[in-house]
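Novice: okay, sequence plus prediction incoming.
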Amino acid sequence: MRQPAVRAACHRALEARERLLKDYPRWEDWRAQAQAIKAEAISQLDEMLARLQRQVEAWGGQVFMARDGAAAREYILDTARRHQVRAVVKSKSMTTEELALNPFLTDAGLQVAETDLGEFIVQLAGHPPAHLTAPAMHLDRRRIAAIFQERLGEACAPEPEPLTRLAARHLRLLYREAHMGITGVNFAAAAEGTLVLLENEGNLRLTACLPRVHLAVMGLEKVIPALAQVEVFLRLLPASATGQRLTALVHFIRGLKPHPGGRQAFHLVLLDNGRRQLAQEPELLEALYCLRCGACLNVCPVFQVGSAHLYRLVYPGAIGILLAPYLAPRGDVSDLCTQCGACQEICPVKILLAEKIIQARRRSARHRPWRFFSRAAGLGLAWPRIYRRLEPGLRLLPRLPFKSREFLGIALSSHSFHKCVGKKGEPGNREKG
Amino acid sequence: MGGEVPQEGLLETRLKEVAGRLHRARGPQALAEILAQDAGGPLWLEDHPWLQEAAPELEKIGLSPRIAPEIWELEAHTAVTVGLGAVPETGSVLVAGDGPASWLSLQARVHVVLVPTQRADLSFSQALDLTGKHEAPMVTWLTGPTRTADIEKVLILGAQGPGELVVVIYEPD
């Protein structure tokens, strides 16, 4: 783990965003509009999704509502088998990370290749993505050159341009061999049945156009009422993610794309996987407004130290803390927050992330034993007289002879936080691509 | 369709910000001269009346353009297509394809997009409206050439698609 590299990458993204926002006097209006649109969509989720399904089917797409990851995986594999697919190319999609789709399809005998450069690198390395929008941010150029040498068998100068060209050359062959392209979806306009997908590299377009089958996977919460409403999101998302006015390519799909010999087949998988349960939680459903821009990660002091690998879940950072108890594979990482509040100031859809994390902690079984102590500490700090009387006793605490490093179900670390994440934050191994 | 204030200056500025280029041309001869500047290999043209008119002019200056009515070509050095319009606010051009021409620019090194003069100053919402009404199965907004910063946040143009985007505001004779 190269913590300085992660921190530097986060800061560069934040600086680019700040520069652009100087040109955006209506930023706060857009944030409010976006929040209102998302609130409307989530409050009428079933109606919106039914409309989206009708519209997509009207233009020839096939729609599958997946209750959970297992149902989605089975549908995707079944679709691949029906179309005699042997090789799959895939553009970056955190929703497919939820499904652990790559190992599943690989185990079923399919060849799966990630095509986004960052995802291509981490797939070769066997690492999970380090960031929602910058998957290989934890690896420097020398490490990437070594990975390419080991996995692709080609030596390359450890410079970003030759490394990018080498990856692109390999990917060109994979696009031609692939029978199915799998992508995510950023927004889906229910009224028109139009799917909106953003990218910078051109890999998504190749993934969506060249194979004879295009399958898109989207979380239910990506639906918005109508295409006209995507305007505000197209302003907010690229600016928040990378400081761009617009990504290099924005695709609007509303039909079966042309292909030699006819038309592509198109499948849309609408994934629940815990989202409907979250939508029933009035205090936490705002987490479904998330655009996956990653700005809350860039600004988070905990994320900057450990990257996404620290969380060991699909979604890291403040938004990951909120999604973790609902979106499978589930978890509880509500302790990985300092309550600095920077995330909710930067969130383009005004999710009150820090406040919601407090709500999540109140529901957390892991935090239950500590509530008494945190309340007592709060009282002590609020009343200096009490604090002064307790201080001599508190100083003796570290000397108490604990037999185990476990106390009230929580592992006590013998290291400082920074040393601790240095170990915990090593990327876990994933399948080799 | 366009906004009240001509915004070609803004379009040029925004295109420069994203490493794109802007030209203006009137008639096939002027267009051919611009296209010749970027021709460094196979030059493929979309099967469109404007480009059919430009093809003989290109041949006059020694180039061998190919028109793509049936062939699904991925090996173009320069791909020339006709776009739907441009959005000065973001420096974007709108392209749509529903046949072999839709593949032309996927892996070309240079993508030249012709934009009709009267649609060169679309507002964001006008562009969305036009996108929604267009019949092509896929409309794409291009804002500069393809790019990546996945390795140490160093910007590399031409990641997995065109490394140059040239916009020509075109008026036929």
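Specialist: Structure's in. What do you need?
Novice: what about the residue of chain A positioned farthest from its centre, distance to A:Trp383?
Specialist: Distance to the chain centre peaks in chain A at A:Arg389, reaching 47.1 Å (criterion: CA atoms, centre = their mean). Look at A:Arg389 and A:Trp383: by CB to CB, to the nearest Å, they are 10 Å apart. C-beta: built from backbone N, CA, C; applies to glycine.
Novice: before we move on, what about B:Trp50?
Specialist: B:Trp50 sits 80 Å away from A:Trp383, going by CB to CB.
Novice: more neighbours, the two?
Specialist: Comparing B:Trp50 with A:Trp383 by other CB atoms under 10 Å in any protein chain shown, the one with more neighbours is B:Trp50, at 20 against 11.
Novice: do you know the pLDDT at that one?
Specialist: Listed pLDDT for B:Trp50 reads 97.
Novice: next up, the contacts around it.
Specialist: Contacts for B:Trp50 were tallied using CB atoms under 8 Å, 6 or more residues apart in numbering or on different chains; they are B:28, B:31, B:82, B:114, B:170, B:172.
Novice: where along the stretch 251-400 of chain A do the helices fall?
Specialist: Under the criterion DSSP state H, counting those that start in this stretch, the stretch 251-400 of chain A contains helices at A:275-279, A:295-298, A:301-306, A:317-323, A:342-346, A:353-363, A:371-382, A:384-394.
Novice: export those helices as TSV, with columns for distance to chain B and mean pLDDT.
Specialist: Below are those laid out as TSV (distance: least, CB to the nearest CB, whole Å; pLDDT from 0 to 100):
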stretch	distance to chain B	mean pLDDT
helix A:275-279	27	98
helix A:295-298	11	96
helix A:301-306	14	92
helix A:317-323	18	97
helix A:342-346	18	97
helix A:353-363	24	94
helix A:371-382	38	77
helix A:384-394	44	81
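Novice: low pLDDT regions in chain B?
Specialist: For chain B, applying pLDDT under 70 flags the ranges B:1-8, B:70.
Novice: how about the residue nearest to the spatial centre of it, secondary structure?
Specialist: Among the residues of chain B, the one closest to the centroid is B:Val113, at 1.4 Å (CA atoms, centre = their mean). Assigned state for B:Val113: strand (three-state reduction, DSSP: H, G, I helix; E, B strand; the rest coil).
Novice: need the three-state assignment for the residue of chain B positioned farthest from its centre.
Specialist: For chain B, the residue at maximal distance from the C-alpha centroid (CA atoms, centre = their mean) is B:Glu152, at 29.9 Å. Classification of B:Glu152 by three-state DSSP places it in coil.
Novice: wait, it touches A:His138, no?
Specialist: No - here B:Glu152 lies out of contact with A:His138, judged by CB atoms under 8 Å, at a distance of 10.7 Å.
Novice: which neighbours do those two share?
Specialist: By the contact definition CB under 8 Å, 6+ apart, B:Glu152 and A:His138 are jointly contacted by A:Ala5.
Novice: which parts of chain B are helices?
Specialist: Here chain B has its helices, by DSSP state H, at B:8-17, B:28-38, B:49-60, B:101-104, B:124-133.
Novice: ranking those by burial, who's on top?
Specialist: With neighbours defined as mean count of other CB atoms under 10 Å in any protein chain shown, the helices of chain B peak in mean count at helix B:101-104, which reaches a mean of 26.
Novice: wait, does that helix contact chain A?
Specialist: Yes - applying CB under 8 Å from any CB of the partner chain, one finds helix B:101-104 touching chain A at B:102-103.
Novice: tell me which other helices or strands that helix touches.
Specialist: Using 3 or more CB pairs under 8 Å, 6 or more residues apart in numbering or on different chains; DSSP states H and E as the contact test, the elements touching helix B:101-104 are strand B:78-82.
Novice: other SSEs contacting the strand it packs on?
Specialist: Partner elements for strand B:78-82 (3+ CB pairs under 8 Å, 6+ apart): helix B:28-38, strand B:43-45, helix B:49-60, helix B:101-104, strand B:110-116.
Novice: run the last query once more with 6 Å
Specialist: strand B:43-45, strand B:110-116 (3 or more CB pairs under 6 Å, 6 or more residues apart in numbering or on different chains; DSSP states H and E).
Novice: in CSV, list those strands along with distance to chain A.
Specialist: Converted to CSV, these look like this (distance: least, CB to the nearest CB, whole Å):
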stretch, distance to chain A
strand B:43-45, 16
strand B:110-116, 10
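Novice: now tabulate those in JSON lines and tack on distance to A:Pro158.
Specialist: Listed next are those as JSON lines, based on distance: least, CB to CB, whole Å:
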{"stretch": "strand B:43-45", "distance to A:Pro158": "35"}
{"stretch": "strand B:110-116", "distance to A:Pro158": "28"}
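Novice: for A:Ala191, find the nearest of those.
Specialist: A:Ala191 lies closest, by CB to CB, to one member of the helices and strands packed on strand B:78-82: strand B:110-116, at 27.8 Å.
Novice: tally of neighbours for the residue in the stretch 1-150 of chain A positioned nearest to chain B?
Specialist: Closest approach between the stretch 1-150 of chain A and chain B, counting by CB to the nearest CB: A:Gly118, at 3.8 Å. For A:Gly118, the count of nearby residues is 25 (other CB under 10 Å).
Novice: would you mind listing what in chain A touches chain B?
Specialist: Applying CB under 6 Å from any CB of the partner chain, one finds that chain A approaches chain B through A:9, A:12, A:117-118, A:136, A:141, A:160-161, A:163-164, A:168, A:192, A:200-203, A:206, A:227, A:231, A:245-246, A:248-253, A:255-258, A:260.
Novice: just the buried members of those residues?
Specialist: Buried positions within these, assessed by neighbour count (16 or more other CB atoms under 10 Å in any protein chain shown), are A:9, A:12, A:117-118, A:136, A:141, A:160, A:163-164, A:168, A:192, A:200-203, A:206, A:227, A:231, A:245-246, A:248-253, A:255-258.
Novice: spatially nearest residue to B:Leu10, not counting backbone neighbours?
Specialist: B:Pro88 (4.1 Å; CB to CB, 6 or more residues apart in numbering or on different chains).
Novice: gap between the one you found and B:Phe124?
Specialist: 10 Å.
Novice: repeat that for A:Phe120.
Specialist: A:Phe120 sits 33 Å away from B:Phe124, going by CB to CB.
Novice: pLDDT weak spots in chain A?
Specialist: Chain A contains residues with pLDDT under 70 at A:1-2, A:398-433.
Novice: now do the strands in the stretch 51-200 of chain A.
Specialist: In the stretch 51-200 of chain A, the strands defined using DSSP state E, counting those that start in this stretch lie at A:62-66, A:87-90, A:111-114, A:180-183, A:187-189, A:194-199.
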